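Chemist: got a predicted structure plus its sequence, pasted below:
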Amino acid sequence: MSRILIASDAWHPQINGVVRTLERLSRHLPEFGATPVLLTPEGYRTVPCPTYPEIRLTIAAPGAIGRRLDAAMPDHVHIATEGPIGYAVRRWCRKRKRIFTTSYHTRFPEYLAARLPVPVDWTYAVLRQFHNAGAGCMVATPSLEAELAERGFRHLMRWSRGVDADLFRPDRRSDVLAHLPRPIHLYVGRVAVEKNIGAFLDLDLPGSKVVVGDGPALETLRRAHPEVSFLGAKVGDALADIYAASDCFVFPSRTDTFGVVMLEALASGLPVAAFPVAGPRDVVGGTGAGVLDEDLRKAVLAALSIPRDHCRTVALRHSWQAAARQFLDNVIAAQKSCAGSAFV
């Protein structure tokens, strides 16, 4: 597998788990002899996604994307998202009988249902058809694999996530949050309805609440909670400093497929408080580095007593290098499974 084309509708300037995962994957694949070739919205005209203008949808003729694919001459194609680029690349692969894999990053059925009266089963039927056409669909956790299998998704493969433990660490020295009363309860991620952030902001907690991120619900939540520090989107050192300066990471989402931010928090020494749902259950369940409870306030207060060094130890079990190796192993397995057969 010398050249792997990775097609994604999600890319900069978006800040989310998909973009972060693909960035890290592209950085580490060369360590295993594979050259990543990215096909993203860069270079194409885009329009705002309805109800979520921060996400841009690509407008490009399938022929133009096909020519990019022909020129790239990939040994394997991986489709990371189910957007306009993902569908165009899928059509190209099927037309040329090329083996391809996909990955399931986002619960679009639940996200769409939170905004529009679209039955979840309808959207899952569309996504099932999209992913089942490939030689393998990569998922991040055992919980998601079991759920999608029950919904009829086939050829499921495990692909976990990692964390940059050099960037996110407890010993960073910063006074970025020194003006806030402690303990400091932190949320990092998209500020959108599907993230259930209100469940965190409505809690009666000692100390301060901090929200890092941008999204369509930001202004509404800012007006409703003037006592909360909304810091906007942060990346790199600025984000790492905020993690290290906080005391507890609160993850109120009930719909995330993984939650890379939980690993970043743990690497920074922050215990995690979350609901006992897929995502948190897979990342921190049974590790002692977090507390999962349907009473989120109870989870937060209990998590504050977890030692920071234990959180760090749990995070170090995950690396982006191992995640890249796992991805490549999946690609090789998909190619072998289809060798000698007519792939359509």
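Modeler: The structure has been received and is ready for your questions. Since the model is a prediction, treat every value here as computed from it, not as a measurement.

Chemist: what segments of this structure are helices?
Modeler: Here the chain has its helices, by DSSP state H, at 17-28, 62-72, 84-95, 108-113, 120-132, 142-150, 198-201, 218-224, 236-244, 260-267, 280-283, 296-303, 308-315, 320-338.

Chemist: buried sites along the first one?
Modeler: It refers to helix 17-28. 17-22, 24-26, 28 (16 or more other C-beta atoms under 10 Å). Using the backbone N, CA and C atoms, a C-beta is placed for each residue, glycine as well.

Chemist: run through who's touching it.
Modeler: Under the contact criterion C-beta atoms under 8 Å, 6 or more residues apart in numbering, helix 17-28 has outside partners 6, 8, 10-12, 36, 38, 80-81, 105-106, 161-162, 164, 256, 258-261, 320-321, 323-325, 327.

Chemist: what about it, average pLDDT?
Modeler: What helix 17-28 shows for mean pLDDT is 95.

Chemist: go on, the fifth one?
Modeler: Per-residue confidence for helix 120-132 averages out to 95 on the pLDDT scale.

Chemist: that helix versus helix 142-150: what angle between them?
Modeler: Using axes from the mean of the first three to the mean of the last three C-alpha atoms, to 10 degrees, one finds that helix 120-132 and helix 142-150 are set 100 degrees apart in direction.

Chemist: just the buried residues of helix 120-132, please?
Modeler: Within helix 120-132, the residues scored as buried using 16+ other C-beta under 10 Å are 123-124, 127-128, 130-131.

Chemist: just the fourth one next, same as before
Modeler: Within helix 108-113, the residues that qualify as buried are 108-109, 111-113, counting by 16+ other C-beta under 10 Å.

Chemist: likewise for the longest one?
Modeler: Buried positions in helix 320-338, judged by neighbour count with 16+ other C-beta under 10 Å: 320, 323-324, 326-328, 330-331, 334-335, 338.

Chemist: with stretch 237-248 instead?
Modeler: 239-248.

Chemist: before we move on, back to that, what's the closest of the buried residues of helix 108-113 to R182?
Modeler: R182 has its nearest neighbour among the buried residues of helix 108-113 in Y111, at 34.0 Å by C-beta to C-beta.

Chemist: give me every residue that touches the residue nearest to that closest one when sequence neighbours are not counted.
Modeler: Distance criterion C-beta to C-beta, 6 or more residues apart in numbering; nearest residue to Y111, sequence neighbours excluded, is E194 at 4.6 Å. E194 makes contact with 107, 110-111, 114, 253, 255, according to C-beta under 8 Å, 6+ apart.

Chemist: which pLDDT value belongs to the nearest residue to A278 once chain neighbours are set aside?
Modeler: In space, A278 comes closest to S143 once its chain neighbours are excluded; the distance is 3.6 Å by C-beta to C-beta, 6+ apart. For S143, the pLDDT comes out at 94.

Chemist: if I look at S143, how far off is P280?
Modeler: 10 Å (C-beta to C-beta, to the nearest Å).

Chemist: who's more crowded, those two?
Modeler: P280 (26 against 18; other C-beta atoms under 10 Å).

Chemist: so who does the more buried one touch?
Modeler: 251, 259, 262, 272, 274, 290, 292.

Chemist: coming back round to it: weakest of the helices of the chain in terms of mean pLDDT?
Modeler: Taking the mean pLDDT of the helices of the chain, helix 108-113 comes last: a mean of 80.

Chemist: what sits up against it?
Modeler: Contacts for helix 108-113 (C-beta under 8 Å, 6+ apart): 82, 118-124, 127, 192, 194, 255.

Chemist: gap between that helix and the chain center?
Modeler: Helix 108-113 sits 15 Å away from the centroid of its parent chain (C-alpha atoms, centre = their mean, to the nearest Å).

Chemist: go on, stretch 36-52?
Modeler: The answer for stretch 36-52 is 17 Å, by C-alpha atoms, centre = their mean.

Chemist: per-residue confidence averaged over that stretch?
Modeler: The model assigns stretch 36-52 a mean pLDDT of 85.

Chemist: buried stuff in it?
Modeler: Those would be 36-41, 44, 46, 52, for stretch 36-52 by 16+ other C-beta under 10 Å.

Chemist: need the contact list for T102.
Modeler: 78-80, 86, 130-131, 134, 136-138.

Chemist: around P30, count how many other residues there are.
Modeler: 11.

Chemist: neighbours of V228, just the number please.
Modeler: 18.

Chemist: since that was my last question, I'll sign off now.
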